[in-house]
Every structure is written in structure tokens, then in C-alpha cells.
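Student: Generate a structure from the sequence data that follows.
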Amino acid sequence: MPATPPKSPKSAAAKPNDAAKPNAAAAPKPEGDRIAKVLSRAGVASRREAERMIELGQVAVNGKVIDSPALNVTASDRITVDGQPVGAPEPARLWLYYKPDGLVTSASDEKGRETIFDYLPEDMPRVMSIGRLDLNSEGLLLLTNDGGLKRKLELPSTGWLRKYRVRVKGNPMDPDLDPLRKGISVDGENFQPMIVSLDRIQGANAWLTVGLREGKNREIRRAMQAVGLVVNRLIRVSYGPFRLGDLGPGDVEEVKGRVLRDQLGQKETPEDAVADPRAKSAPAKSGPKGPRLQRAASQPPLSRAPRASGGGAAAPATPAAAPARPKPASTKGWAKAAPRPASKGGKSPGRRPRGE
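Tutor: The predicted model follows:
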């Protein structure tokens, strides 16, 4: 049997997986940031809106109109939108806004309905909403000029608890709410367990406090309907550490920069952790409070004097049960809705009809 010839140097070469790869350095990372991110940081638009503006030919870099967001730019590049130069990014800012019932949470509406941006103060910079509230929902909405901050606070991983005061038609008993606490499926969509407490019965209605960590489309309304309850008023009173406090419909208040920096490192307040059934039991710890103090569920409803039609500041809220100031007969529910600020044209939008 002939001997196997020795392998030649070529045949003995290592396999491609074993051999060292060609000494080709990885392509250097482009300098700067993507154009859509830069536009978002500058407060021009959200990243998605900026990409649409680029596709429409509204954005130019160094005098040349671009048609793709796949472009990195640096501080030395000159960017214009519709011929107007884009300034340097502003520091991230955050505002608390009481969204009135009947306004759409979007920059524009295909049905021509009025939006929250139609009634913001004229001296505010361009802002974006962090999350949304339904047409018929009201209460705390966070606004920011920074697209990166918007994305961070909207991510499910942020895990911030959002609390709502909910008025439902009917007189439920506490056990009727257990399916919501355990998690419920509606039309094939699973909702995570909610924190639900029955606060009081008021005639044909009941007031509840509901806490959740994810906000799917009309989640509370759909979940309540699944257990035989119809929501007829929904007010968001907190978003993580930020509180509605004594803001009235249409009011805007900026969060101080120091408070914003402090709270971004805090996912929730100690009382929220105790209220969450999924949280591990631990002794309460003292810590910084949010910029607005949340009203306890057992505290009496507030009575609020109507604000001027020009959008002036609301009168300080006082407990409805205070003997020096009896509760007006027209006050119902947790808080009385003051008139919305007048529009720029001088007319008030009035109450919008129920239903979207």
C-alpha cells in the first residue's frame, strides 16, 4: 500500500476559520450624530417626524437638500429646515401640563380637532409630549423640548408608575376589582396587573385610584369595561415622581433643572413602591419628594374657583370640607374642572362632545 505523501505547505494551510483574518481595520465610526437625532435634540421635531421632513425635502445640510436620514452631521455642518437655520441643541427641559378633556395629544389631527398645542403659552419653545392621553382623558401630561428625554421616559424599561383617578358608572364592591389586580385579557391583548383601590361611592358612580406601569391604547377604559364598569371620567394624577398637584386644566409649570436631574435617577417614590404588590417588602426609606405632592386618596375633593377666560392662574385650591368656604353645589368628583384658557383668537374651545 503506497505511503501517503506528506502534505504540501499549501495543503497544510490552516482553514479559514483558524487562520488570522486579513489585517483590515474596521471602518472608523463616522463623526457626529445622525441628522434626525440632531434635529430632535434641537427641538425641531421628534426623530420620526424629522425623518419624514427629510423625505419631504425640507432639510438641507451645507446648502444641499438631503433625502435620507442616513447621514451623520457635526457641529461644523450648517443645517436648515425650510430655509431656516437650526440652532445648537438646548438643554433638556421638562414641563408639567394639565391636559383638559376634549383636546387631542398630537401636533396635528387628521379630523381637524383642536390639539393641546393650540392652547400652550406662546412663549414656550417647541415641545413634544411624553406619551399620550386620550381625547376624553385629562390630567398630567409631561412635555419636553428634548427628543432623547422623551424616548427615555417612554421606554417600558423606565418602569415608572402612572396613577389615575377614575370615576366609573356603578357601585362595585372591592372583590369585583380583583381581575384587574391579577391581570386581565381583553380582545386577545394581555394587560399587566393594575394597582386598584376603591376610594368611595358617590351616588350612581364610584371613584377608584388606578396605577399601572405600561400604557396601552385606552387600557383602563377597556379593562374596566371587561369587568362591567364604564369610565365616565379619567384623570392622570402622577407620572413617576412627577405630580399633578394643584395645577388646573390648561396650566403649565416647568420642572426646575435641579429637580429634573434628581428625579431622573429615581424610578418611584417610597410610597409607590409600597403600594405596588409586585415590589418586595422593605422598610420605607425617606427620600426626596417629587416636584408636586400627590393628594392622598382619602383627602376631601378640592374646590377651585373658575379661572379668568384669559388663562390666568387658578385660585389656590382649598379643601371642599373647609367650613370657611363651603363646597359649591356644582362641584362633582375629585376636582372641579376650571374653564380652559381662551384661544389665541379670543374664543374658548368649550367642552368637546364625548366619544372619539
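Student: can you map out the helices along this protein?
Tutor: Listed in chain order, the helices of the chain (DSSP state H) span 35-41, 47-55, 147-154, 178-182, 219-226, 257-263, 270-275.
Student: And the average pLDDT for the second one is what?
Tutor: Averaged over helix 47-55, pLDDT sits at 89.
Student: buried set for that helix?
Tutor: For helix 47-55, the neighbour count (16 or more other CB atoms under 10 Å) marks Arg47, Glu49, Ala50, Glu51, Met53, Ile54 as buried. C-betas here are computed from N, CA, C, even on glycine.
Student: Same question for the fifth one.
Tutor: Neighbour counts using 16+ other CB under 10 Å place Glu219, Ile220, Arg221, Arg222, Ala223, Met224 of helix 219-226 among the buried residues.
Student: Need the contact partners of it.
Tutor: Helix 219-226 has contacts (CB atoms under 8 Å, 6 or more residues apart in numbering) with 134, 164, 166, 168, 179-180, 184, 186-187, 191, 194, 210, 212, 230-231, 234.
Student: from the buried residues of helix 219-226, which single one is nearest Leu39?
Tutor: Comparing the buried residues of helix 219-226 against Leu39 with CB to CB places Glu219 closest, at 31.3 Å.
Student: how far away is Leu229 from Arg218?
Tutor: Relative to Arg218, Leu229 is positioned 14 Å away (CB to CB, to the nearest Å).
Student: go on, Gly32?
Tutor: From Gly32 across to Arg218, the span is 40 Å (CB to CB).
Student: Val44 now?
Tutor: Taking CB to CB, one finds Val44 at 30 Å from Arg218.
Student: the more surrounded of those two?
Tutor: Val44 (22 against 16; other CB atoms under 10 Å).
Student: which ones are touching that one?
Tutor: By CB under 8 Å, 6+ apart, Val44 lies in contact with Ala50, Met53, Val81, Val86, Arg126.
Student: burial of the third one, as a residue count?
Tutor: Okay, so that is Val81. Neighbours of Val81 under the rule other CB under 10 Å: 17.
Student: That one is in contact with Glu49, isn't it?
Tutor: No. Using CB atoms under 8 Å, Val81 is not in contact with Glu49, being 11.0 Å away.
Student: quick one: Ser108 from Val166, how far?
Tutor: Taken as CB to CB, the span from Ser108 to Val166 is 29 Å.
Student: likewise Gly183?
Tutor: Taking CB to CB as the measure, Gly183 falls 18 Å from Val166.
Student: okay, these two: which has more neighbours?
Tutor: Under the neighbour definition other CB under 10 Å, Gly183 and Val166 were set side by side, and Val166 has more, 24 against 12.
Student: ok, so what distance separates the more buried one from Gly215?
Tutor: Taking CB to CB, one finds Val166 at 14 Å from Gly215.
Student: for Gly240, same thing?
Tutor: For Gly240, the distance to Gly215 (CB to CB) stands at 12 Å.
Student: Common neighbours of these two, please.
Tutor: Arg162.
Student: I'd like to know which of the buried residues of helix 219-226 is nearest to Arg151.
Tutor: Glu219 (20.7 Å).
Student: measure that closest one to Ala92 for me?
Tutor: Relative to Ala92, Glu219 is positioned 28 Å away (CB to CB).
Student: cool, Ser238 as well?
Tutor: In this view, Ser238 and Ala92 are 20 Å apart by CB to CB.
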